[in-house]
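Colleague: next come a sequence and a model predicted from it.
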Amino acid sequence: MVTTHNLGFPRIGSKRELKFALEAYWEGGFSLNNLETIGKQLRQQNWQIQQDLDFIPMGDFSFYDHVLDMSFLLGNIPERVKNLDGEEIDHYFQVARGRSACNSSCNCSVLAGEMTKWFDTNYHYIVPEFTKNTKFELNIEHFSKQLDEAKEQKGSIKPVLIGPVTYLWLGKSYDHTDRLSLLLDILLAYKQLLQFLVQKGISWVQFDEPILVMELEKEWKEAFVFAYNALENDKINILLATYFGQLKDNLKVLQKLPVQGIHLDAINARDEVEAVINGLGKAQILSLGVVNGRNIWKADLNAILEWLEPIYTHLQERLWLAPSCSLLHVPVDVSRELKMDSEIRSWLSFAVQKLDEINILAKALKNGRASVKEELKANEYFINQRQQSKRVNNPEIKNRYLQNRKAMTCRQSSYSERVKKQIAILNLPLFPTTTIGSFPQTPQIRQIRNKFRKGDISWDVYENQIKEEIEYCIKQQEALGLDVLVHGEPERNDMVEYFGELLDGYVISQQGWVQSYGSRCVKPPILYGDIHRPAPMTISWILYAQSLTKRPVKGMLTGPVTILNWSFVREDQPRSETCYQLAMAIREEVLDLEKSGIRIIQIDEAALREGLPLRHSQWQHYLDWAIESFKITASGVSDETQIHTHMCYSEFNDIIASIAEMDADVITIETSRSNMELLKAFENFDYPNSIGPGVYDIHSPNIPKIDHIVQLIHKAAEHIPPQKLWVNPDCGLKTRRWEEVLPALKNMVEAAYILRKDNNLQ
Ligand code: GLN
Ligand code: ZN
């Protein structure tokens, strides 16, 4: 007997039903009743898909975010929404998304909760809010209804909830209250919750405690021991789940906890399985996450059985099988990818297929491999085919970068030399103005791309229409008087998918959506093989833009680290190798741009920071190869070519040395919302090259005032010499409307004039 279960299933639906229902509800075109019906249908569909498992998860569905659900379940509801009119779900959405005032004189606006990344995934959660007044009081109604619904299903139900210690850790204290001072109080709520589950006849509950894979301070380790001793309840079993990494010294903590079961991510912590088994209590069960919940590749079932069979012999019915983590992080169903290259599709496994894999593994353990002979044979066939495919491994590509890597990471001269040559050629004023790349993506632009994708218009028609957009964009920028122009990126749906579509070694799915936050989904392109650039990817658009103006137009590229971090990538080689290959491809594009006469090239690394490993001790290794990859991309050009990079976030302090090491001539960063706070990082660190601290918060519809921009740059100039300062928005403008962008940029250019004048007077 081996028990199968799952930690969570994607909640958006295979056709993104939840996204569309939510957006319709928010826009007022859909009633609450309709929204709830869609939610119920999705839950039931998901339970049906999972009905072959021994335990089916509940509580993993959410209308926005499961961490915010937990806050509501624990009664930790921000004061600012508590007494508002409307249903609880409306309060819930107000915390998730904020609410703007009904008119400018009304003060009915509601601040959204902060949102941040869920560990090292691309999922974002709403940060629980704590103050000294925080009280936890179980608010069970909503959860209880869903539990009753789940109990109508055939299988056994296992509620899945965030554990108390991780919940406290994920939250933020808004008045310096120590989060752990809330432990006792929160445990009372969890105790009540357990009692409630006992009354409902639940035998197992899963508490997720993924912070056990992070470096924890002593108090947090002690909190675990205290919490789980307090929660012990002989009428219900607790399965404590960790995932996304290794336990390392937290293994000792885990072994002290009086829980009935442990779930271990046997993909990321495979080498800890033995130690966990050795320390397992006699009656404890061990759930092994043997199928990767973070990637989209078929699991090698025979290889898994090879190491799993002896464990099963030893543990017998105390062994449970599951994916490594919740399947929230993968798309729903690969069998819907009818347009995908069928060979590559046969290598893939999305959520539905991953559960099939779990079921096959469990059968093989219980009844012997012969009982699933056909399934194992088919799996072996596809695994071998992928391994041997020339589309995956191309020795020529591998050798190319292996030979020359080091030599390719040096610019000809140092920045101080380069900048003189660049100034002479580019002839830019002090405080040069520019933008980050994209201009408003109007419905018209989206329509042009969609028509072309569907085959409704020919390439020639498409090309002409995109050129018209570029022309409009250049004209506007000239009229505004910007110094360095961009083509506006109208041909790009997404800064990573665009390059994925044009590089060999990538396949793009049609429905491979993964929730990023709330109704927002992303569709990461799939990198399956050695990367090769068959033809230039951006040159013709950029050259067309440059042909329309005498001012310099920036060539606009996405950097290798960002492409890597926002794709599903292969796992048969280290991420660093894949990144070097991407770096080589983008380097070729950089060199072609330079050869075509483009003088400024921007290589965006928007996702560099989010690739940092969960453990600090592993940061340097990541930064080494990430920075090296960027440098491979950027360093082939002559001194006269100016390299820009862009990063859209503001926490730099801890990686500033690595950012400087990238040696981009100019870096543009997000700063306007934090009032240049970020530049504190530059107080103690003498950043050598030029910087464009964002002065226009593109996330807000507000138009920045001229004197505000002047002030921001003055503030920046306290830390950075004025000769090194650029004036630009925080990020790309694609989500804004022209009516907002034009006056904002007008003010920005005006502010730069004022700054130049002031500077000359000094
Ligand atoms: N060049 C891209 C744009 O302007 C950068 C986007 C980003 O940083 N996320 O849209
Ligand atoms: Zn950005």
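Modeller: Done, it's in. All of these numbers come straight from a predicted model, not from anything done at the bench. Numbering: from 1, shown residues only. Ligands and ions are numbered 1, 2, ... in the order given.
Colleague: mind listing the helices for the stretch 51-200 of the chain?
Modeller: Counting by DSSP state H, counting those that start in this stretch, residue ranges of the helices within the stretch 51-200 of the chain are 66-73, 79-82, 88-97, 141-151, 164-170, 183-199.
Colleague: does Ser287 sit in a helix, a strand or a coil?
Modeller: strand (DSSP: H, G, I helix; E, B strand; the rest coil).
Colleague: so for it, what pLDDT did the model give?
Modeller: Note on Ser287: pLDDT of 98.
Colleague: make 818 the starting number, not 1.
Modeller: All set: I'll call the first residue 818, so the last point we hit is now Ser1104.
Colleague: for it, what are its contacts?
Modeller: 820, 822, 1056, 1058, 1078-1081, 1136-1139 (Cβ atoms under 8 Å, 6 or more residues apart in numbering). Heads up, the C-betas are built off the backbone N, CA and C, glycines and all.
Colleague: and the residue in the chain that ligand 2 sits nearest to, what's its pLDDT?
Modeller: At 2.5 Å from ligand 2, Cys1465 is the closest residue in the chain, using Cβ to the ion. Here, the pLDDT recorded for Cys1465 equals 85.
Colleague: excluding its backbone neighbours, what's nearest it?
Modeller: Cys1548 (4.4 Å; Cβ to Cβ, 6 or more residues apart in numbering).
Colleague: not counting sequence-adjacent ones, nearest residue to Thr1059?
Modeller: Distance criterion Cβ to Cβ, 6+ apart; nearest residue to Thr1059, sequence neighbours excluded, is Leu1029 at 4.4 Å.
Colleague: again with Leu1365
Modeller: Ile1291 (4.7 Å).
Colleague: then the helix or strand that contains the one you found to CSV, C-alphas only?
Modeller: Element membership for Ile1291 (DSSP states H and E) is helix 1276-1297. Written as CSV, here are the backbone C-alpha positions of helix 1276-1297 (Å, rounded to 0.1, in the frame of the first residue of the first chain):
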residue,chain,number,x,y,z
TRP,A,1276,3.6,39.6,-43.5
ASP,A,1277,3.7,42.7,-45.8
VAL,A,1278,0.6,44.2,-44.4
TYR,A,1279,1.8,43.4,-40.9
GLU,A,1280,5.2,44.9,-41.5
ASN,A,1281,3.7,48.1,-42.8
GLN,A,1282,1.3,48.5,-40.0
ILE,A,1283,4.0,48.0,-37.4
LYS,A,1284,6.2,50.5,-39.2
GLU,A,1285,3.4,53.0,-39.0
GLU,A,1286,3.3,52.5,-35.3
ILE,A,1287,7.1,53.0,-35.1
GLU,A,1288,6.8,56.1,-37.1
TYR,A,1289,4.2,57.5,-34.9
CYS,A,1290,6.3,56.8,-31.8
ILE,A,1291,9.4,58.4,-33.2
LYS,A,1292,7.5,61.5,-34.2
GLN,A,1293,6.1,61.9,-30.8
GLN,A,1294,9.5,61.5,-29.2
GLU,A,1295,11.0,64.1,-31.5
ALA,A,1296,8.2,66.5,-30.8
LEU,A,1297,8.8,66.0,-27.0
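Colleague: close to ligand 1, is that helix?
Modeller: No - using Cβ under 6 Å from any ligand atom, we find that helix 1276-1297 stays clear of ligand 1, coming within 11.9 Å at best.
Colleague: closest residue of the stretch 1068-1217 of the chain to ligand 1?
Modeller: The stretch 1068-1217 of the chain approaches ligand 1 most closely through His1146 (20.5 Å), counting by Cβ to the nearest ligand atom.
Colleague: the residue nearest to Cys1465 contacts Gly1511, correct?
Modeller: Yes - counting by Cβ atoms under 8 Å, Cys1548 does reach Gly1511; the two are 6.9 Å apart.
Colleague: around ligand 2, which positions in the stretch 1368-1517 of the chain sit nearby?
Modeller: 1423, 1465 (Cβ under 5 Å from the ion).
Colleague: so among the contacts of Ser1104, which ones count as buried?
Modeller: 820, 822, 1056, 1058, 1078-1081, 1136-1139 (16 or more other Cβ atoms under 10 Å).
Colleague: which of these fall within strands?
Modeller: 820, 1056, 1058, 1078-1081, 1136-1139 (DSSP state E).
Colleague: dump the residues you listed into a markdown table; add pLDDT and distance to Lys1194 as well.
Modeller: Output for those, formatted as a markdown table (pLDDT from 0 to 100; distance: Cβ to Cβ, whole Å):
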| residue | pLDDT | distance to Lys1194 |
| --- | --- | --- |
| Thr820 | 98 | 26 |
| Leu1056 | 98 | 33 |
| Ala1058 | 98 | 33 |
| Gly1078 | 98 | 33 |
| Ile1079 | 98 | 33 |
| His1080 | 98 | 30 |
| Leu1081 | 98 | 29 |
| Leu1136 | 98 | 24 |
| Trp1137 | 98 | 26 |
| Leu1138 | 98 | 21 |
| Ala1139 | 98 | 24 |
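Colleague: list just the nearest of these to Val1566.
Modeller: If you rank these by distance to Val1566 using Cβ to Cβ, Ala1058 comes first, at 53.5 Å.
Colleague: that older thread, shared neighbours, Cys1548 and Gly1511?
Modeller: With Cβ under 8 Å, 6+ apart as the test, Cys1548 and Gly1511 both reach Glu1487.
Colleague: what's the burial count for whichever residue of the chain sits closest to ligand 1?
Modeller: In the chain, the residue that lies nearest ligand 1 is Gly1549 (2.1 Å; Cβ to the nearest ligand atom). Residues lying near Gly1549 (other Cβ atoms under 10 Å) number 25.
Colleague: do the same with Tyr1513
Modeller: 28.
Colleague: tell me the pLDDT at it?
Modeller: 94.
Colleague: still on that earlier bit, how about the contacts made by the residue nearest to Thr1059?
Modeller: Contact partners of Leu1029, counting by Cβ under 8 Å, 6+ apart, are 1041, 1059, 1064, 1067, 1070-1071.
Colleague: buried ones in the helix holding Ile1291?
Modeller: In helix 1276-1297, counting by 16+ other Cβ under 10 Å, buried: 1279-1280, 1282-1284, 1286-1288, 1290-1291, 1293-1294, 1297.
Colleague: and the residues you listed as JSON lines, adding pLDDT?
Modeller: Shown next, in JSON lines, are the buried residues of helix 1276-1297 (pLDDT from 0 to 100):
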{"residue": "Tyr1279", "pLDDT": "98"}
{"residue": "Glu1280", "pLDDT": "98"}
{"residue": "Gln1282", "pLDDT": "98"}
{"residue": "Ile1283", "pLDDT": "98"}
{"residue": "Lys1284", "pLDDT": "98"}
{"residue": "Glu1286", "pLDDT": "98"}
{"residue": "Ile1287", "pLDDT": "98"}
{"residue": "Glu1288", "pLDDT": "98"}
{"residue": "Cys1290", "pLDDT": "98"}
{"residue": "Ile1291", "pLDDT": "98"}
{"residue": "Gln1293", "pLDDT": "98"}
{"residue": "Gln1294", "pLDDT": "98"}
{"residue": "Leu1297", "pLDDT": "98"}
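Colleague: from Ser1413, how far off is Ser926?
Modeller: Distance of Ser926 to Ser1413, computed by Cβ to Cβ, to the nearest Å: 49 Å.
Colleague: quick check: nearest residue in space to the residue nearest to the spatial centre of the chain, chain neighbours excluded?
Modeller: Centroid-nearest residue in the chain: Asn939, 2.0 Å away (criterion: Cα atoms, centre = their mean). Sequence neighbours aside, Ser1333 is the residue nearest to Asn939 in space, at 5.7 Å (criterion: Cβ to Cβ, 6+ apart).
Colleague: just want the phi and psi numbers for that neighbour.
Modeller: Backbone geometry at Ser1333, expressed as degrees, to the nearest 10, gives phi -100, psi -50.
Colleague: ok, which stretches of the stretch 1418-1567 of the chain are helices?
Modeller: Going by DSSP H, counting those that start in this stretch, the stretch 1418-1567 of the chain shows helices at 1436-1451, 1473-1479, 1523-1534, 1555-1578.
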